[in-house]
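Engineer: need a structure here:
(2 chains)
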Amino acid sequence: EAEVAQSPRYKITEKSQAVAFWCDPISGHATLYWYRQILGQGPELLVQFQDESVVDDSQLPKDRFSAERLKGVDSTLKIQPAELGDSAMYLCASSFLGDSPLHFGNGTRLTVT
Amino acid sequence: GESVGLHLPTLSVQEGDNSIINCAYSNSASDYFIWYKQESGKGPQFIIDIRSNMDKRQGQRVTVLLNKTVKHLSLQIAATQPGDSAVYFCAETAYNFNKFYFGSGTKLNVKP
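Structural biologist: Predicted coordinates for the structure are as follows:
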């Protein structure tokens, strides 16, 4: 079964450093999402892409977070500078249509020290 | 904004018993709902979905019930197994929004 690929699986960084996460969605999935999940909570949407276009980034802290999906396939989420409060699981998901199930990757666990 | 929440943060059941996990949502315009299972260190895994034109849908050992009148969703797991131990999330979206909202999750502990 096709999967959403994410890397790295774990990332430890010091505060004020830059970090980047990569996601490769399931082939053919036009919609791609980045979610942040704090331990013990549900995922919260950071940004949603339709092909290469951002359709929702209202919850993305744009002073430090950026996301791109230049060719409408894989995507990168960047944090610069990282803060202690950014420690969380960063999940990527994709879907074929907007109201079809989201398929998640196994996430990147970020620890900021 | 929209709110999706769960009544019970932790549910403990005996192996072989049936489990019921509940979820309340607040957006009456929501028309598509999904249950996810998340094991430790992994991403959420799709279990079952239901659209608002249905009130019940069955899968393998799982059933989702939707009560639009009271905006309530439930996941029933039959003959719960140790492998069912995980955190379960409900998610909802309204077609026009294409945005999914997740509840805070219920942890299911299955005792052997």
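Engineer: Report pLDDT for B:Tyr101.
Structural biologist: Turning to B:Tyr101, the model gives it a pLDDT of 89.
Engineer: Can you tell me which residues in chain B are near chain A?
Structural biologist: B:4, B:31-32, B:34, B:36, B:41-46, B:49, B:89, B:91, B:93, B:95, B:98-100, B:102-105 (Cβ under 8 Å from any Cβ of the partner chain). Using the backbone N, CA and C atoms, a C-beta is placed for each residue, glycine as well.
Engineer: Would you mind checking those residues for buried ones?
Structural biologist: Neighbour counting with 16 or more other Cβ atoms under 10 Å in any protein chain shown marks B:4, B:31-32, B:34, B:36, B:43-44, B:49, B:89, B:91, B:93, B:98-100, B:102-103, B:105 as buried within those.
Engineer: Please flag which of those residues sit within strands.
Structural biologist: Per DSSP state E, strands hold the following members of those: B:4, B:32, B:34, B:36, B:49, B:89, B:91, B:93, B:102.
Engineer: How far does stretch B:13-32 sit from its chain's centre?
Structural biologist: 4 Å (Cα atoms, centre = their mean, to the nearest Å).
Engineer: measure it end to end?
Structural biologist: 28 Å (Cα to Cα, to the nearest Å).
Engineer: Flag every buried residue along it.
Structural biologist: B:13, B:19, B:21-25, B:27, B:30-32.
Engineer: Would you convert those residues into CSV that also reports distance to A:Ala93?
Structural biologist: CSV is the format used below for these (distance: Cβ to Cβ, whole Å):
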residue, distance to A:Ala93
B:Val13, 29
B:Ser19, 25
B:Ile21, 21
B:Asn22, 24
B:Cys23, 19
B:Ala24, 23
B:Tyr25, 19
B:Asn27, 20
B:Ser30, 18
B:Asp31, 19
B:Tyr32, 15
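Engineer: Which one of these is nearest to A:Cys92?
Structural biologist: Checking the buried residues of stretch B:13-32 against A:Cys92 with Cβ to Cβ, the nearest one is B:Tyr32 at 20.5 Å.
Engineer: rewinding a little: so which pair among the buried residues of stretch B:13-32 is furthest apart in space?
Structural biologist: Largest separation among the buried residues of stretch B:13-32 by Cβ to Cβ: B:Val13 and B:Asp31, giving 30.6 Å.
Engineer: ok, A:Glu44 - contacts?
Structural biologist: By Cβ atoms under 8 Å, 6 or more residues apart in numbering or on different chains, the contact list for A:Glu44 reads A:35-38, A:59, B:102.
Engineer: what do you get if the cut-off is 6 Å, keeping everything else the same?
Structural biologist: By Cβ atoms under 6 Å, 6 or more residues apart in numbering or on different chains, the contact list for A:Glu44 reads A:Arg36.
Engineer: Next: B:Arg51.
Structural biologist: B:Tyr32.
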